[in-house]
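Chemist: predicted model and sequence follow; I will ask about them next.
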Amino acid sequence: MKKRFRAVLLSLGLLFLLAQPAFAAELGEPNITPQTTMRELRENPSLKASGYYTYCREMLPIESNYWNNKTLAQYAKPQLVYDCADAMNLVIENYNKGVQVTWQVYTPEEIAENSSLGMVQLFYYPAEGSGGRYAIVLPGNGSTVTSEMEEGGSAASQLHAMGYTVFVLRYRSFLDATDNAPLDDIGRAVQFITQNAERFGVQAEGYAITAFSSGGQLAGLFCNEEIGWGRYSVPKPGALLMAYPVINFNEVKLLYHVLMDPGECGWRFYCSSVADVVTDDYPPVYFWYGKNDIILPLMDLRKQGPAFEKALQAHGVPYLMQVYKNAGHSIGTGRGTDAEGWLTEAAAFWEEQVG
């Protein structure tokens with residue numbers, strides 16, 4: 001009887017050991033490099049299972065066929081590719097450790113009533129320790145698709161390396177951005193993080209919003225108490241950190257209204273200049289843009305960074321502005337340009353302001 005029992009245990013042990021390689025094979029290796037093809041990246045078992053959204057350029061599903069055989073170096077901006085690869089490897093490592101990477105911002109009931117809410121997600125990069133501050137990243141959207149992997153991932157990678165917990169927000173854009181949807185998405189995301197601060201291991205107060213391009217316009221509005229953080233009953237941001245922010249959509253406003261909110265007469269986020277919503281209690285701001293930016297001048301450069309600086313000065317808001325000679329649009333962390341290292345400087349400014 002004892003021999004039979006031992007034989008059963010031995011058989012079960014062998015079965016368990018044999019099962020281990022199969023289990024391990026279900027997890028991907030954090031081996032993303034600039035030469036990894038987009039197909040390989042997206043089919044990495046852990047990255048795929050994590051739910052991280054990696055479609056930063058495809059407006060239509062058919063476009064993914066074109067990009068599948070391109071490398072990450074061909075897909076991402078050269079200034080972002082290394083940080084982008086580091087970010088995706090970090091996602092894989094976190095998933096393999098059992099971290100839930102993707103969090104839905106809206107409830108299943110809300111998504112059932114409005115399917116567009118299902119795309120609103122937070123991608124979670126936990127810090128090594130708990131109880132620290134967090135940053136929420138708003139990538140640009142180019143009016144069409146948001147850049148969670150490129151601008152979002154590159155910023156998350158660098159901020160995480162500095163010791164911060166980071167959330168990259170995928171928010172509604174383009175035709176889904178009706179009725180001020182992106183502002184609601186930011187408000188709900190900060191509500192969600194605030195309510196779950198202990199679970200995420202972060203402080204609810206003193207957080208930073210890091211934003212790029214048109215994401216900067218949204219972040220700038222959210223930092224106004226009346227139409228932003230106060231309206232959503234969440235803590236005031238500790239700092240606003242922005243790269244090449246759109247401050248005023250200027251001539252594009254009418255087009256946006258026709259595309260997003262035809263027939264509606266009420267206020268919409270794209271109608272306002274961030275410079276016009278700065279108040280005396282506006283959060284401290286760090287922002288930069290480049291002299292060779294070819295996007296901002298299309299919307300009248302005078303109404304962008306320069307107008308924002310004047311508003312900050314008029315209201316006595318602490319700020320630090322950098323204007324670089326060689327730093328174009330959509331370069332995120334800006335490796336290899338004059339802007340390289342800006343995020344380190346911005347984080348130091350954030351810490352100085354929140355104390």
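Modeler: Thanks, I have it. Residues are numbered from 1 along each chain as shown.
Chemist: and the helices in the stretch 1-150 of the chain?
Modeler: 2-25, 38-43, 45-50, 63-67, 72-75, 81-96, 108-113 (DSSP state H, counting those that start in this stretch).
Chemist: and stretch 210-227, end to end?
Modeler: By CA to CA, to the nearest Å, the extent of stretch 210-227 from end to end equals 19 Å.
Chemist: how far off centre is that stretch?
Modeler: Mean C-alpha position of stretch 210-227 versus that of the full chain (CA atoms, centre = their mean, to the nearest Å) differs by 13 Å.
Chemist: buried sites along it?
Modeler: 210-224, 227 (16 or more other CB atoms under 10 Å). Yep, even glycine has a C-beta here, placed from its N, CA and C like the rest.
Chemist: identify the bridge partners of the spatially most central residue of the chain.
Modeler: The centroid of the chain falls nearest to Val168 when counting by CA atoms, centre = their mean (3.0 Å). Beta bridges link Val168 to Phe123, Val137 when assigned by DSSP bridges.
Chemist: that one contacts Gly153, correct?
Modeler: Yes: using CB atoms under 8 Å, Val168 is in contact with Gly153, at 6.8 Å.
Chemist: hang on, the earlier thing: just the closest of the buried residues of stretch 210-227 to Val323, please.
Modeler: Using CB to CB, Gly216 comes nearest to Val323 of the buried residues of stretch 210-227, at 15.2 Å.
Chemist: any idea of the mean pLDDT for the helix or strand where the closest one lies?
Modeler: Assigned by DSSP states H and E, Gly216 belongs to helix 214-222. What helix 214-222 shows for mean pLDDT is 97.
Chemist: cool, and stretch 156-176?
Modeler: Per-residue pLDDT over stretch 156-176 has a mean of 95.
Chemist: same check on stretch 89-98?
Modeler: Mean pLDDT, computed over stretch 89-98, is 98.
Chemist: neighbouring contacts of it?
Modeler: Stretch 89-98 is contacted by residues 27-32, 44, 46-47, 49-50, 52, 101, 123-126, 153, 156-157, 160 when judged by CB atoms under 8 Å, 6 or more residues apart in numbering.
Chemist: stretch 264-274 now?
Modeler: With CB under 8 Å, 6+ apart, stretch 264-274 has contacts from 179-180, 182-183, 216-218, 220-221, 227, 245, 247-249, 252-253, 256-257, 260-261, 303, 307-308, 311.
Chemist: for the buried residues of stretch 210-227, which one is nearest Pro78?
Modeler: Nearest to Pro78 among these, counting by CB to CB, is Phe212 at 16.4 Å.
Chemist: coming back round to it: go through the helices of the stretch 1-150 of the chain and find the least confident stretch.
Modeler: Mean pLDDT is lowest for helix 2-25 out of the helices of the stretch 1-150 of the chain, coming in at a mean of 38.
Chemist: next, count neighbours for Pro318.
Modeler: Using other CB atoms under 10 Å, Pro318 has 14 neighbouring residues.
Chemist: what residues are up against it?
Modeler: Contacts of Pro318 (CB under 8 Å, 6+ apart): 284-285, 353.
Chemist: in what helix or strand does Asn326 lie?
Modeler: Going by DSSP H and E, Asn326 is not part of any helix or strand.
Chemist: contacts only, for it.
Modeler: Applying CB under 8 Å, 6+ apart, we find Asn326 in contact with 290-292, 337-338.
Chemist: turn the buried ones among those into a named PyMOL selection, would you?
Modeler: For the buried members of the contacts of Asn326, the matching PyMOL selection, counting by 16+ other CB under 10 Å, is:
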select buried, resi 290+337+338
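Chemist: and the furthest pair within the contacts of Asn326?
Modeler: Top of the distance list for those (CB to CB): Lys291 and Thr337, 11.5 Å.
Chemist: what's the overlap in contacts for the two?
Modeler: Common neighbours of Lys291 and Thr337, counting by CB under 8 Å, 6+ apart, are 324, 326-327.
Chemist: next, format the residues you listed as a markdown table and append distance to Gly132 and pLDDT.
Modeler: Converted to a markdown table, those look like this (distance: CB to CB, whole Å; pLDDT from 0 to 100):
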| residue | distance to Gly132 | pLDDT |
| --- | --- | --- |
| Tyr324 | 29 | 97 |
| Asn326 | 34 | 95 |
| Ala327 | 29 | 96 |
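Chemist: going by distance to Ser115, which of the residues you listed wins?
Modeler: Once CB to CB is applied, the member of the shared contacts of Lys291 and Thr337 that ends up nearest Ser115 is Ala327, at 38.4 Å.
Chemist: show me the contacts for that closest one.
Modeler: With contact set as CB under 8 Å, 6+ apart, Ala327 has these partners: 244, 288-293, 334, 337-339.
Chemist: what of Lys291?
Modeler: If you count contacts by CB under 8 Å, 6+ apart, then Lys291 has 323-327 around it.
Chemist: let's see that with 10 Å instead.
Modeler: Lys291 is in contact with 297, 301, 323-328, 338, counting by CB atoms under 10 Å, 6 or more residues apart in numbering.
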